[in-house]
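Trainee: this one's sequence-less:
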């Protein structure tokens, strides 16, 4: 069974954020003709570009797992030797990356190509606000590229998981932060020069290989394991059917209900939205038979792609329809490849199941 607590945590955070935004939405003043500008630059990586002193971080192409993943505990002698790095081979070096600054009216938005820790994020936001004179500044991490965790030098020296997952040492975070702050400053005022020399994009070299082709589906559109006719509140309802190769896309699956005044099933709406696979209440799994691993040496002519959807009839998050009650069924629409290697559509309806409150 899946651990749905992670989905519940995300839903709770999203609801909390929505409540905060909703409380001030009507008081937000919109600017009709906001000045919009954007600047994207390619930034070179290297010991000299980052500004290392000789022997300070003597790994020509970067390093990772510096200090391992030990915890830093001041005062008990359990400090981390951050010189214990695994060097990055030249063939895997990250030679450059990309940063972007955006101007919307007098608001600045900057990006970083990695996962900034909180202290570095504060450094970037404060620096961008001061450098541009913007009323507000915002940061987007994990943007346009990924170069590991980004930290201030002191945080890096403390060791731990984040420092071990960094590639260009203690100064990488500040180097990228100062770089994108410079891009933002130049964007807001073109008379301010960049503090680095931008480079052009890298040429992409295609290697030998073959494009993946969707596999033929055997018995697509058939019910494998139907739903029980009756379930209790708090139960998890499961429905398994044969569908298509996931390369063709995840099937569209949503819940339908039968109203008391009609013999027809209709789309079930919860809180103004369809309860489907995009909802945190549903979870979808796929298992191919035979597996890709089993047929690596001798590819199969076709497979049964077994899709399973799970639905929680009760959720702990405040909102509409925390407990489902009534008569329901799953409606499925998907694509599969037939024996002639033509893409075909299939539709399936599960049996009806009653949820007793």
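Mentor: Alright, I've got the coordinates. Worth saying up front: this structure is predicted, and the values here are computed from it rather than measured. Numbers count the residues shown, from 1 in each chain.

Trainee: Quick check, central residue of the protein?
Mentor: What sits nearest the mean C-alpha location of the chain, by CA atoms, centre = their mean, is residue 142, with 9.0 Å.

Trainee: Could you measure from that one over to residue 28?
Mentor: Using CB to CB, to the nearest Å, we find residue 142 at a distance of 26 Å from residue 28. No exception for glycine: its C-beta is placed from N, CA and C like everyone else's.

Trainee: How about residue 42?
Mentor: Distance from residue 42 to residue 28, counting by CB to CB: 35 Å.

Trainee: between those two, which one's more packed in?
Mentor: Per other CB atoms under 10 Å, whichever of residue 42 and residue 28 has more neighbours is residue 42, with 14 against 7.

Trainee: Check what pLDDT the closest residue to that one other than its chain neighbours gets.
Mentor: Spatial nearest neighbour of residue 42, excluding adjacent residues (CB to CB, 6 or more residues apart in numbering): residue 199 at 4.8 Å. On pLDDT, residue 199 comes in at 95.

Trainee: And residue 329, by the same measure?
Mentor: Confidence score, pLDDT, at residue 329: 97.

Trainee: same check, this time on the one 10 residues further on
Mentor: At residue 339, the model reports a pLDDT of 92.

Trainee: what ranges do the strands span in the stretch 101-250 of the chain?
Mentor: 107-111, 115-116, 136-140, 149-150, 222-225, 230-232, 236-243 (DSSP state E, counting those that start in this stretch).

Trainee: would you list those in JSON lines and tack on mean neighbour count, distance to residue 157 and mean pLDDT?
Mentor: Formatted as JSON lines, the strands of the stretch 101-250 of the chain follow (neighbours: other CB atoms under 10 Å; distance: least, CB to CB, whole Å; pLDDT from 0 to 100):
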{"stretch": "strand 107-111", "mean neighbour count": "22", "distance to residue 157": "25", "mean pLDDT": "98"}
{"stretch": "strand 115-116", "mean neighbour count": "22", "distance to residue 157": "17", "mean pLDDT": "97"}
{"stretch": "strand 136-140", "mean neighbour count": "17", "distance to residue 157": "23", "mean pLDDT": "97"}
{"stretch": "strand 149-150", "mean neighbour count": "26", "distance to residue 157": "14", "mean pLDDT": "96"}
{"stretch": "strand 222-225", "mean neighbour count": "13", "distance to residue 157": "55", "mean pLDDT": "98"}
{"stretch": "strand 230-232", "mean neighbour count": "14", "distance to residue 157": "55", "mean pLDDT": "95"}
{"stretch": "strand 236-243", "mean neighbour count": "22", "distance to residue 157": "47", "mean pLDDT": "97"}
